[in-house]
Structures are given as C-alpha cells and as structure tokens.
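Colleague: Would you be able to build a 3D model of this:
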Amino acid sequence: MRPVPSEIKYSFPPITYPDGRKSVCKIPQGYIQPALSTSDYHELSKEYGVELALVKAVMQVESCGSGFLLNEPAPARPKILFEAHLFYHATPKPVSRSRPDLSCPEWNQDLYKGGSAEWGRLLDAMEFDEVPALASASYGLGQVLGENYKLAGCASIQQFIQENFAGEYWQARHMMNYIVNTNLLDFLKQRNWAKFAYGYNGPLYWEHEYDKKLAAAYKEAVVVA
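Modeller: Numbers count the residues shown, from 1 in each chain. Have a look, this model is predicted:
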C-alpha cells in the first residue's frame, strides 16, 4: 500500500480554506488528490482477487463512482453522509435537546442535506463531541463509516480521515478492506446481491433496493469494460 504523504495532517479545531470552507485536514499547497486510475483499478482487482466490474459496481452505488465533492475546488473534501442516529448513540451528551438535526434516536432520511452541506452538519457535531461525530459519518468511494476505521485497515480514526483526503486510491482500499474484514467478499464474488447488500448496507437494504442497484451497476460496468 502506498504511504499517505506525510504533509497531510488531521486538524481539529478545523482549518479554514481561503474560500471560507472548513476542513479537518491540512493539504499541502499544490497537492493533487488523485482519482483512481486504470492501473489502480487493476491493482485492486488483482490484490483482492475480485472481478473489476464488481469493484466498480459497489463504488457506483455508494458514491456514483466519485469519492470527492465534484462541486468543490481543490483541495476538495470527501463525499460524506452524517448519520444523526449514530451520533445520538455514540455520545452521552444530550445533543438532541438543542440540535435534533444532528442527534436523534432513529434514522431519518429527511435530515440529510447532501453535498457540501453534510460537512456543515459534521463540523457542527464535532463541536459537541469530536471523535463520536467523525465516527458517525460515512466517507469516500465506498461510504465506509468512520466507526469502522479498524475494519477499513486504519490504526486510528484520524488516520482514516487523512487517507480519505489523500485520494481515491486510499478510499478504495478502505472499502475493499471493510468488505474482506466483514466476510462479504465471497458474497460479492458470487454476485449474491441480497446477502452482500444486507452485510454492507444493513437489514433494511431492500427498502432502498440496494441489491437491485448493485446488479444494475454491475451489468453496466461489464458492458463498459
């Protein structure tokens, strides 16, 4: 695995970019956050022993095949979704009393704001409880939850965040490591979409038709390949 450039540093309190955006990572001036290259895809396929179209299918369903916010200038922030129900259970602080949009006992899709606004929600939550907030968001190409940083192959959640900012290569490895470490790789290889979606997206996967979306994305990836 390639090392993350040492100049990329996790930062909290957050830093402010020249255009006013706030971020939790310092990025060296001129650093390019690389997208996955063709050789990267083939490397992942060979290393994890999985068909290339299957790798692309999961990424397409989870992040539309892009790990960074496309509407943001460099350095872009990773795509995230902040999960208020996870934050509610991750912190003992009564955040829900003052910010029910950040902390609530049940999953509520209406709380999502999407795009860059999800970073606003995460940063607000971090003001209440830094690490539980980071753990309550999903990141990058595979939308791996911060709470699963160890399953993604990282020693700390701060390392996980740094790697998400470094580029899609590291985001892709988080996704594949998570799939391997949760025993989902065989289901993916077998194209058992229902069992894979159950393990990757949870028992309510069928409500959002994740299995059907994966099957469709796979067929499209095979055609493109």
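Colleague: can you give me the helices in the chain?
Modeller: 38-48, 52-63, 84-90, 95-98, 117-128, 130-135, 157-166, 168-181, 185-189, 193-201, 210-224 (DSSP state H).
Colleague: Indicate which one of those is closest to Lys22.
Modeller: helix 117-128 (5.5 Å; Cβ to Cβ). The way it works is simple: take the backbone N, C-alpha and C, and place the C-beta from them, glycine included.
Colleague: Which positions in the closest one come out as buried?
Modeller: Glu118, Trp119, Arg121, Leu122, Leu123, Ala125, Met126, Phe128 (16 or more other Cβ atoms under 10 Å).
Colleague: Give me the distance between that helix and the centre of its chain.
Modeller: How far helix 117-128 lies from its chain's middle: 16 Å, per Cα atoms, centre = their mean, to the nearest Å.
Colleague: I'd like to know which elements it is packed against.
Modeller: strand 9-16, strand 22-26, strand 80-82, helix 130-135 (3 or more Cβ pairs under 8 Å, 6 or more residues apart in numbering; DSSP states H and E).
Colleague: closest one to Ala76 among the helices of the chain?
Modeller: The nearest among the helices of the chain, by Cβ to Cβ, is helix 157-166 at 8.8 Å.
Colleague: okay, that closest one in PDB with CA atoms only?
Modeller: Output of helix 157-166 as PDB, limited to C-alpha atoms (Å, rounded to 0.1, in the frame of the first residue of the first chain):
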ATOM      1  CA  ILE A 157      -9.900   7.400  13.100                       C
ATOM      2  CA  GLN A 158      -7.600  10.300  12.400                       C
ATOM      3  CA  GLN A 159      -5.600   8.100  10.000                       C
ATOM      4  CA  PHE A 160      -8.800   7.100   8.300                       C
ATOM      5  CA  ILE A 161      -9.700  10.700   7.800                       C
ATOM      6  CA  GLN A 162      -6.200  11.600   6.500                       C
ATOM      7  CA  GLU A 163      -6.400   8.800   4.000                       C
ATOM      8  CA  ASN A 164      -9.800   9.800   2.800                       C
ATOM      9  CA  PHE A 165      -8.500  13.300   2.000                       C
ATOM     10  CA  ALA A 166      -5.300  11.800   0.300                       C
END
